[in-house]
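1. Provided below are the primary sequence and the corresponding predicted coordinates.
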Amino acid sequence: MELGKRALYWSVYMSEEILDDSDGYTVASGCQGSRTGVRGQQNRCNILEFLLHIKDQPSVKPELLGDVTIADRSRNWAHAVVFNDQLRKPDWGALNELDDKPVGDRIKWLVDSIKDALIRAIKVFHTEPEGDADKARWLARNPPGQQPIYPIPELNPHGKLIKIQTKSPADLLTKTVKPQALAGALPGGVAWDNNHSYEQLIDRMPAIQAKLNQRIDNFVPKTAAEEAQKKLLISWKETASAAMHAIVQIRQADLDRCRVEPCPGSKPLQEFKDFFDGEIIKVKKPYPYGSGVYEVNVLNYPDTIEAAVKSGKYENQEDAIKALEAAITKYNAQEFVITSKNKPDKITHPVLGHEAVVIRWKNGGAQLGCKFDD
């Protein structure tokens, strides 16, 4: 779900390029990057610069942030791979191809690339190397007499140990970058300022998206280039909608599971079976999201009622339904305990909390055009 949230935030960030600089941006307004926006805005961020801006790698040493790699590029790699460009613009590789992808492929690329992010150091040949293969590459990039020099960068193989030179002896480091949970106040200005949480951003999503929808609808292209811009902005709006739908699917799945099983990370005072005199029958239910499927155990309501009546414990179906509904209400309303190391136990009502979050996200998604099964 955290990966889906990033796809959503990035998609809204891209959708906001219907606005002009003077309008004021909502998402990551302080992100200063190397990309030119859809409508020519300067210094907009690409997806890697965006993730670094919101401090998505809190455990990564500052000196290694330039080696955080999304897809085929890190910041250091993008700048080192520059070739035959007197302006010395960075080469962002596959990060520049996101606009060309269909919505479904775009979300899959975002989720997979963020999930597989790695720290991958590079080494750079600044002078002509030994060895025929490397020498041939050097000459191809640096014909005799050419200025400036274009060094040859080498990217370490995926998944290999990386030797990082530090103040102490060289360390061997292999590290997958794990996104932190987007909860509470977000650093780096991912919300409209630094004092608001991502949940509050979702509360504001209807107003934000209504503004963007109006601006996109009112944008009347006068040239073929502007027609292409509007088409691209609409596609990013659709990407945000698809990402929101995926997040709600997972949230809904967690809610449905917590109705009959302990929520992850918490322990109920009493289990669901303690509230219902009968067999609890469960079934695996798939919740499609993006290009994947999220499966959880949920209550098989009809089979549980049928089994209760057949057991003879209830005179009829109506009595069994009343008993099961009462059990659901009591189980959902009870307190759960979260036990954390070195912290006092925390009392919570996760089912009620999940319900509130699902409602909030559905309300936010409605303005994006999402349709949800109730």
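-> In hand now; what should we look at? Computed from a predicted model, the values in this text were never measured in an experiment. Residues are numbered from 1 along each chain as shown.

2. ok, the residue of the chain most remote from its centre - contacts?
-> Note on the chain: the largest C-alpha distance from the chain mean falls to Glu315, namely 50.0 Å (C-alpha atoms, centre = their mean). Taking C-beta atoms under 8 Å, 6 or more residues apart in numbering, we find Glu315 in contact with no residue. (C-beta placed from N, C-alpha, C; glycine too.)

3. Backbone dihedrals for it, please?
-> Dihedral pair for Glu315: phi -70, psi -40, per degrees, to the nearest 10.

4. what about it, distance to Ala323?
-> Using C-beta to C-beta, to the nearest Å, Glu315 is found at 11 Å from Ala323.

5. Same question for Val337.
-> Val337 is 26 Å from Ala323, where distance means C-beta to C-beta.

6. same deal with Ile305?
-> Relative to Ala323, Ile305 is positioned 9 Å away (C-beta to C-beta).

7. next one: Lys108
-> 44 Å.

8. And Gln317, by the same measure?
-> For Gln317, the distance to Ala323 equals 11 Å [C-beta to C-beta].

9. With neighbour numbers in mind, choose between those two.
-> Ala323 (18 against 13; other C-beta atoms under 10 Å).

10. sec struct for the closest residue to Arg120 other than its chain neighbours, please.
-> Distances taken as C-beta to C-beta, 6 or more residues apart in numbering put Thr69 closest to Arg120, at 4.4 Å, once the chain neighbours are dropped. Using DSSP: H, G, I helix; E, B strand; the rest coil, the structure places Thr69 in strand.

11. Give me the number of neighbouring residues for Thr69.
-> Using other C-beta under 10 Å, the number of residues around Thr69 comes to 25.

12. residues in contact with Asn363?
-> The contact partners of Asn363, by C-beta under 8 Å, 6+ apart, come to 203, 205-206.

13. Among these, find the lowest-pLDDT one for me.
-> Scanning these for pLDDT, the low point is Asp203. It has 72.

14. burial count for that one?
-> By other C-beta under 10 Å, 15 other residues sit near Asp203.

15. contacts for stretch 232-251?
-> For stretch 232-251, using C-beta under 8 Å, 6+ apart, the contacting residues are 1, 4-5, 7-8, 11-12, 14-15, 17-18, 38, 99, 103-104, 106-107, 205, 209, 212-213, 216, 219, 287-290, 294, 354, 357-358, 361-362, 364-365, 368-370, 372.

16. From those residues, keep the buried residues only.
-> Neighbour-count burial (16 or more other C-beta atoms under 10 Å) is assigned, among the contacts of stretch 232-251, to 1, 4-5, 7-8, 11-12, 14-15, 17-18, 38, 103, 106-107, 205, 209, 212-213, 216, 219, 287, 289-290, 294, 354, 357-358, 361-362, 364-365, 368, 370.

17. Shouldn't Val283 be within a helix?
-> No. Judged by three-state DSSP, Val283 forms no part of a helix; its state is strand.

18. Bridged to it, which residues?
-> Val298 (DSSP bridges).
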